[in-house]
Each structure stands twice: as C-alpha cells, then as structure tokens.
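Participant: Pasting the sequence and the predicted model now:
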Amino acid sequence: DTGVSQNPRHKITKRGQNVTFRCDPISEHNRLYWYRQTLGQGPEFLTYFQNEAQLEKSRLLSDRFSAERPKGSFSTLEIQRTEQGDSAMYLCASSLPLWSGYTFGSGTRLTVV
Amino acid sequence: DQQVKQNSPSLSVQEGRISILNCDYTNSMFDYFLWYKKYPAEGPTFLISISSIKDKNEDGRFTVFLNKSAKHLSLHIVPSQPGDSAVYFCAASVEGAGNMLTFGGGTRLMVKP
C-alpha cells in the first residue's frame, strides 16, 4: 500500500455529461476526504467520510455532486450535468482519526469543455 | 470570507539562505495548523504542524512559529535548497471538527542555485 490512489488522473468531458472519480485510500485509514482545487487557490473542503458514513458536506457540494463510500474502503465522487465551473483538480485524502495529518492523492484533473 | 490567507503569492530566495513563508488566519477557533508542500502534478504533501498550545515546532530544516495573539504563523526553511521550490500551503483546523482543513491560497517558493 503505497498511498492514496486516484483515478483517472485526467478527465475531459463535454458540458452536461456525468463524470465519476474514484479514490482508494490508505487501507488502515478510516477517514476519507474530498477537496477541490482551482487554479491559484488552495484546496477547498467538499466532504468527508468516517468509514462508510458521510459525516460532513460543504455548501460547495451542490445537488449535482454526490459522494459514496459503500464499504468504508474506496470512495467515488460523481458530478452530474457538468458545468464549465466544475473544471478543477479534485483531491482525495485519507487519515487516521488520531490526528496526524492527511495523505493526499495526486488528484483527478477535470476539464469541462 | 477567507479564513486563512497567504498574502505573498510568490517568494524567491537564494540557495543557502532562509525562506520565510507567512500565513494569517481570522477564525480564533482554529487550534491546529499545518504546512503542506505541493509539486506540480502531485497532491499536497504534509510538511510540519503545530498545536495552538505551542508557539514553535521544529523538524530538521523546517520550523513553524505560531503567534496566537496576532493570528499569524510562519514557516522558516533554513538553509533553503533548490529542491524546496514548490507551492506551500498553510492550513488550519478545529479539533473535533472531523479534521477538516481550511487552506490558504498558497505561496510559490523559488530557490535559486
């Protein structure tokens, strides 16, 4: 287990299409987070899971966004009816409950054309 | 309302000299602070952290200072090396808030040989 894995690395989609990203956290980490980063900005919190429970969602997460972590292992983030404003880097991170910092994945870069 | 701000978008330093990166926050509830480093096409990597009960934490060439009264923290890198060239993000969290992080906008550090 070498770290947090995100797939795909890059995604180009047409406006209005649905996209789904996958995150595989570090196996012993039971907390999983999704962040979004746009150019020139720091990452912004979207949502987090403890095991399979989604405990917090940001107001940034509109109704078009949904995240799941069905068995408390990997997670998916789906964006429906994509808009150009959704173009960003989507970062996944995982951690243990005992605070020791996140481990981030390399991200999925979404471009909506 | 940006709760965590990094007012210098970029910083250029000569190799061997000290790099000082600054960060200000507005939310007095923040009680844990972190610095992350990010290379292009990679996710942020945890660098160093500090709890609000301390005013200094040191790890090798990296030292973080916290001034709670001024709501200010800084990261010192001594001596700076070309490999330190990256974007540095400060982040803050509230204990018990699920380890959600609020990030600043980042400072691009360039260390010249």
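Facilitator: Noted; the coordinates are in hand. Residues are numbered from 1 along each chain as shown, chains lettered A, B, ... in the order given.
Participant: Strands of chain B, start to end?
Facilitator: Secondary structure of chain B by DSSP state E: the strands cover B:4-5, B:10-14, B:19-25, B:32-38, B:45-51, B:56-59, B:62-67, B:72-77, B:86-93, B:102-103, B:107-112.
Participant: With adjacent residues omitted, what lies nearest to the residue nearest the centre of chain A?
Facilitator: Nearest to the geometric centre of chain A sits residue A:34, at 3.4 Å (Cα atoms, centre = their mean). In this structure, residue A:34 finds its nearest non-sequential neighbour in residue A:46, 4.2 Å apart by Cβ to Cβ, 6 or more residues apart in numbering or on different chains. For the C-beta atoms, the positions are set from N, CA and C on the backbone; glycine is no exception.
Participant: was I right about that neighbour contacting residue A:35?
Facilitator: Yes. Residue A:46 is within contact range of residue A:35, at 6.0 Å (criterion: Cβ atoms under 8 Å).
Participant: who has more neighbours, these two?
Facilitator: residue A:35 (27 against 22; other Cβ atoms under 10 Å in any protein chain shown).
Participant: what does whichever strand or helix holds that one rub up against?
Facilitator: Using DSSP states H and E, residue A:35 sits in strand A:31-37. Here strand A:31-37 makes contact (Cβ atoms under 8 Å, 6 or more residues apart in numbering or on different chains) with A:23, A:25, A:43-50, A:60, A:67, A:69, A:75, A:77, A:88-97, A:102, A:104, A:107, B:98-100.
Participant: Swap in 6 Å and give it another go.
Facilitator: Contacts to strand A:31-37, defined as Cβ atoms under 6 Å, 6 or more residues apart in numbering or on different chains, come from residues A:25, A:43-50, A:67, A:69, A:75, A:77, A:88-95.
Participant: Below-threshold pLDDT in chain A: ranges please.
Facilitator: Across chain A, the ranges flagged by pLDDT under 70 are A:1, A:98-100.
Participant: What residues does it have near chain B?
Facilitator: Residues of chain A lying close to chain B by Cβ under 6 Å from any Cβ of the partner chain are A:41-43, A:45, A:48, A:55-56, A:91, A:95, A:99, A:101, A:104-107.
Participant: If anything else comes up later, I'll come back, but that's it for now.
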